[in-house]
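Asks: Sharing a model that was predicted from the sequence below.
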Amino acid sequence: AQTVTQSQPEMSVQEAETVTLSCTYDTSESDYYLFWYKQPPSRQMILVIRQEAYKQQNATENRFSVNFQKAAKSFSLKISDSQLGDAAMYFCAYRTNNNNDMRFGAGTRLTVKP
Amino acid sequence: KAGVTQTPRYLIKTRGQQVTLSCSPISGHRSVSWYQQTPGQGLQFLFEYFSETQRNKGNFPGRFSGRQFSNSRSEMNVSTLELGDSALYLCASSPWTPPYEQYFGPGTRLTVT
């Protein structure tokens, strides 16, 4: 079974600093996709960043970047220059290329301190 | 493009009743997935539809059902509501092409009393 594990239920970061959220996954597939989603309090879930497993280069979207370690089945999210608006629940997700359902981790609640 | 829309946004029902929730995907997206989100259980996958066919199904009782129409709009139905069905129900649409990323609606907050 494909599972996604987020070992940090809660994290906090000082405004303007950098934080890294961890995610590991378990799969026997070689072709898959990984995602980080953000869900602010009482607001809509939005896609933050995606990574194709066949790509060696780590994805980057402005202040958000990932550290994708395929052999270790690790997919961490780094948020640089943290802002108050980054406070949210962050979910790591995985989906295979043969289109099984999307699997989500339990989430990490990020608090940003001013 | 307009985003994923869900109606109604809030709903209060009584135990034993049934409820139907609606989801309109992003234009051009042919896949719709449904999730139940609760504080204790996190995000739980209900089912996924593509081209009016259920493609994947989560581990929920038969009281939870869904369907998709030819215009890709989807509905989910919960019969014989229980108190534990109180949750945020999220709908997500996807183009059904790699990387199969999903775009979420705002959710329907269901409260069962």
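Replies: Received the coordinates, thanks.
Asks: Please make it C-alpha for all contacts and neighbour counts, starting now.
Replies: OK.
Asks: Count the residues that sit near the residue of chain B found nearest chain A.
Replies: Taking C-alpha to the nearest C-alpha as the measure, the point where chain B comes nearest chain A is B:Pro106, at 4.9 Å. Neighbour count for B:Pro106, taken as other C-alpha atoms under 10 Å in any protein chain shown: 21.
Asks: Ok, A:Gly107 next?
Replies: 28.
Asks: which residues touch it?
Replies: When contacts are counted by C-alpha atoms under 8 Å, 6 or more residues apart in numbering or on different chains, A:Gly107 touches A:6, A:8-9, A:89-92, B:42.
Asks: could I get those residues as a markdown table with neighbour count and distance to A:Arg63?
Replies: Converted to a markdown table, those look like this (neighbours: other C-alpha atoms under 10 Å in any protein chain shown; distance: C-alpha to C-alpha, whole Å):
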| residue | neighbour count | distance to A:Arg63 |
| --- | --- | --- |
| A:Gln6 | 22 | 21 |
| A:Gln8 | 14 | 21 |
| A:Pro9 | 13 | 22 |
| A:Met89 | 20 | 17 |
| A:Tyr90 | 27 | 15 |
| A:Phe91 | 28 | 17 |
| A:Cys92 | 29 | 17 |
| B:Gly42 | 15 | 26 |
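Asks: what residue is smack in the middle of chain A?
Replies: Against the mean C-alpha coordinate of chain A, by C-alpha atoms, centre = their mean, the closest residue is A:Trp36 at 3.4 Å.
Asks: contacting residues for it?
Replies: A:47-50, A:77, A:90-93.
Asks: which element is it on?
Replies: strand A:32-39 (DSSP states H and E).
Asks: Pull the helix or strand just after that strand out as CSV, backbone CA atoms only.
Replies: Downstream of strand A:32-39, the first helix or strand assigned by DSSP H and E is strand A:46-52. Provided in CSV are the C-alpha atoms of strand A:46-52 (Å, rounded to 0.1, in the frame of the first residue of the first chain):
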residue,chain,number,x,y,z
ILE,A,46,-4.4,25.3,-2.6
LEU,A,47,-1.5,23.6,-4.4
VAL,A,48,1.9,24.9,-3.4
ILE,A,49,4.3,22.9,-5.4
ARG,A,50,4.6,19.6,-7.4
GLN,A,51,7.4,17.3,-8.3
GLU,A,52,7.6,14.6,-10.9
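Asks: Partner strands of strand A:46-52 and their direction?
Replies: Its sheet considered, strand A:46-52 pairs with strand A:32-39 (antiparallel) by DSSP bridges.
Asks: Quick check: A:Asn100 vs B:Trp96, distance?
Replies: Using C-alpha to C-alpha, to the nearest Å, A:Asn100 is found at 11 Å from B:Trp96.
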